[in-house]
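Asker: structure for this input, please:
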Amino acid sequence: MSVQRTSISMTLLVVTLLLTACSRLPLAFLTSTATAGAAERRVTLIALDGPLAARDAEFSGLARLDDEFVLLPQYPARYGGNLFTVREADVVQVLAGVTTAPLMPAPLAFDDGGLAVSIAGFEGFEALAITGERVYLTIEAERDGAMQGYLVTGAIDKAARRISLDPASLVAIAPQAPLSNLSDEALTVLPDGGLLTFYEANGANVNPQPTAHRFDAAGAPAGVLPSPTLEYRITDATPADAEGRFWVINYFFPGDAEKLAPAADALLAQGGAGATHAANRAVERLVEMQVGATGVTLVDQPPLQLSLLPGIARNWEGIARVQTEYLDGFLLVTDTFPATMLGFVEK
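Answerer: Numbers count the residues shown, from 1 in each chain. This next block holds a predicted model:
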């Protein structure tokens, strides 16, 4: 454990003991909303400061880089060609109630190698994954009414705080359904150093035989794996653990009903709908999957449903694990709908 992580753990221990001793200060960020149908996880929001707090930040991905979390704007050029980071220590201090000050993301220089200009119909960067000093991103484009996805790799110079993409590594990923504004929007780094990309729509009525595209550590195509049917959208994924398990964001905006044509929700039958999900058409949940030699499967447990806001669907587009000695959960970030939101959810 690093010195910084030890410091975080000690801070949480002290705060936890103080809050436990004082019933007036409950650990609100470690509670779930129990319902007759299913437990729902409350999202604890973490305020941001500066220009990235604005709605048009349009975040589309989130990944861990050592003791920081990297926020991916869909269009980094809007911010001088930068991605942004928040420190894990600062996130933990906010969650522990040590500070209520908004977090000011720090810039992380980003050189896209001219891809935003050279790719016809470029519509932004959609997903981000980091392992060691290598970075992977997916890109979405639309040309003449047809969607096209891409995977690109790059390197991270940690000392210089700079990411540089390699345009020569660009690989096309064909969409799995003729749906506008949808492409491979989630990346999972595998235990062997390779990775999987996931198409956004995997419902039975629009994508009857979903697959995950596999790539080696250099970003070269390595075939496809069968992937489970999952209604609504997959918008991001965590890295896989040693057993191949990982989590995806599974989201439904009711305005997409005609496009996605959802079939019966098999996952809903496993644990029922929580109170807010029973009262809303929107779906915000985290689903655990597992990759094996023959394909990707759903882990046999109910999804983690997020407690919904009345009449509002939050388009969560980025996810990263937060794991310290006293904290286990997920950091989430939205795009523009309904606003820029950074939040924590207990596992």
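Asker: check contacts around P105.
Answerer: With C-beta atoms under 8 Å, 6 or more residues apart in numbering as the criterion, the residues that contact P105 are 48, 50, 52, 71, 84-86. No exception for glycine: its C-beta is placed from N, CA and C like everyone else's.
Asker: of those residues, which is the most crowded?
Answerer: Each of those was scored by neighbours using other C-beta atoms under 10 Å; the highest score is L71's, at 26 neighbours.
Asker: excluding sequence neighbours, find me the nearest residue to that one.
Answerer: F84 (4.6 Å; C-beta to C-beta, 6 or more residues apart in numbering).
Asker: thinking again about what came up before, make TSV from the contacts of P105 and add distance to E123 to it.
Answerer: As requested, the contacts of P105 are exported to TSV (distance: C-beta to C-beta, whole Å):
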residue	distance to E123
L48	24
G50	25
L52	20
L71	19
F84	20
T85	24
V86	26
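Asker: show me which of those residues has the smallest pLDDT value.
Answerer: The lowest pLDDT within those belongs to L52, with 88.
Asker: list just the nearest of the contacts of P105 to M341.
Answerer: Comparing the contacts of P105 against M341 with C-beta to C-beta picks out L48 as the nearest, at 8.8 Å.
Asker: dump the residue contacts of that closest one.
Answerer: Taking C-beta under 8 Å, 6+ apart, one finds 86, 102-105, 340, 342 in contact with L48.
Asker: keep only those of the contacts of P105 that are in strands.
Answerer: With strands taken from DSSP state E, the overlap with the contacts of P105 comprises 71, 84-86.
Asker: now those residues in TSV, with distance to G295?
Answerer: Listed next are those as TSV, based on distance: C-beta to C-beta, whole Å:
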residue	distance to G295
L71	31
F84	35
T85	34
V86	35
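Asker: and which of these is nearest P262?
Answerer: Ranking these by separation from P262, with C-beta to C-beta as the measure, puts L71 on top at 29.5 Å.
Asker: contacting residues for that closest one?
Answerer: Remark: with contacts taken as C-beta under 8 Å, 6+ apart, L71 is in contact with 52, 59, 61-62, 83-86, 105, 318, 333, 342.
Asker: you'd agree K259 is in a helix?
Answerer: Yes: secondary structure assignment (DSSP: H, G, I helix; E, B strand; the rest coil) places K259 inside a helix.
Asker: residue contacts, V248?
Answerer: Taking C-beta under 8 Å, 6+ apart as the definition of contact, the neighbours of V248 are 186, 198, 230, 234-238, 286-287, 289, 319.
Asker: any chance of those in TSV, plus neighbour count, distance to G272 and secondary structure?
Answerer: Formatted as TSV, the entries for those read as follows, by neighbours: other C-beta atoms under 10 Å; distance: C-beta to C-beta, whole Å; DSSP: H, G, I helix; E, B strand; the rest coil:
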residue	neighbour count	distance to G272	secondary structure
A186	26	26	strand
F198	26	26	strand
L230	23	18	strand
I234	22	22	strand
T235	25	23	strand
D236	30	25	strand
A237	26	25	strand
T238	26	25	coil
L286	22	16	strand
V287	21	15	strand
M289	24	21	strand
I319	23	23	strand
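Asker: any idea how far D265 lies from Y326?
Answerer: 34 Å (C-beta to C-beta, to the nearest Å).
Asker: isn't the residue nearest to L71 right up against F69?
Answerer: No: between F84 and F69 there is no contact under C-beta atoms under 8 Å: 9.4 Å.
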